[in-house]
Structures are given as C-alpha cells and as structure tokens.
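**Q** Below are the sequence and a predicted model for it; my questions follow.
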Amino acid sequence: MDIDTTQPWGLAIDFAGRATITEAGHTIYVNVSDSSYNSIIAPDSVSGTYAPVTVAAQFTEWGANGSAIRGSARTTIMPIGTAMVVPDQTAIQSVVAAALANFVENTASYTALAAKWTPPNDDPGDGDGDGDGDSTEDPTATT
C-alpha cells in the first residue's frame, strides 16, 4: 500500500474514520476510531488523558457453498502523556499488511482442514445423514 503523504493517517478517511481500499486484489475496509464514548475530542474527565486510537482493517472473500475466509488486523495507538494521539501515516499501511497476512494464514488453515476431512460415502453431504440428498429426514424411518 502506498502512503498518501498529504493525509494525516496516510489514507483519505471519511468523517467517521472509514476508508475502503483495494490491495492485492482484495477490497479492504479500514476504520480509524478512538475508544471514548464522547463525540467531542477532549481529555477524559477522570484521568486527564485522551482516548487511544484504534486502527482496524478487515475483509472477507466468499467461496463455494457459502464458505468465507476473512483477513483482519487491529492496532491501538496510545496517547503519550496528556497529549492527543498523533496520526501515524504508517499505521494503516501496517494494519492492511497484517490483515493480508492473516488472510493468507486463514487460507492455509482452511486448506489444511479441507484436506483432512472426507465426507462419508453414503451421504451426499446434505447434513441430515440419511443419504438421500434431500436435506430432510427419511420419511420411511420409524421413530
């Protein structure tokens, strides 16, 4: 990801701290937010410090049969002393890279799991275990 040096966080974000980018063929959703409950940026009335800022990136890729693999990452930037958090132009870049790495790890885990699992020969995989492929219990079965 290229950093936009004209933007405080290295990427243009909207008024709610959101951005969408395309990186490595994925549409990644980014969110920059503070952890305060207040809509006004001000120090906490008890501690006198500003809230930390969280930078998150996440995306989902959908596959066959409703399968989904996600990539996500998050980091928290703490204020120093009683000063506000200073925007870090590399924070979004590193979180996006971590989300992409997480996606690769999840893909490898999913692939390894799929390689270990084989469906039973007598059931086409509709989930009810009766082998007829209709997703309902066998009507000829007695209870």
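**A** In hand now; what should we look at?
**Q** Do a quick rundown of the helices in this protein.
**A** Using DSSP state H, the helices assigned to the chain run over residues 91-116.
**Q** Any regions of it where pLDDT drops low?
**A** By pLDDT under 70, the low-scoring segments of the chain are 37-40, 119-143.
**Q** Distance check, Ala12 against Val30.
**A** Plainly put, Ala12 is 10 Å away from Val30 if you go by CB to CB, to the nearest Å. Just so you know, the C-beta spots here come from the backbone N, C-alpha and C atoms, and that holds for glycine as well.
**Q** Mutual contacts of those two, please.
**A** Common contacts of Ala12 and Val30 (CB atoms under 8 Å, 6 or more residues apart in numbering): Ala19.
**Q** Give the residue from those two that has the larger number of neighbours.
**A** Val30 (24 against 11; other CB atoms under 10 Å).
**Q** beta partners of the more buried one?
**A** Ala19, Ala57 (DSSP bridges).
**Q** Run a quick neighbour tally on Ala108.
**A** Using other CB under 10 Å, Ala108 has 10 neighbouring residues.
**Q** For Asn65, see how far away it is.
**A** 19 Å.
**Q** Does Asp44 touch Asp34 like I think?
**A** No: the criterion here is CB atoms under 8 Å, and Asp44 misses it with Asp34 at 10.8 Å.
**Q** neighbour-wise, which of these two wins?
**A** Asp34 (17 against 13).
**Q** looking at it, the more buried one is touching Val85, isn't it?
**A** Yes: Asp34 is within contact range of Val85, at 7.4 Å (criterion: CB under 8 Å).
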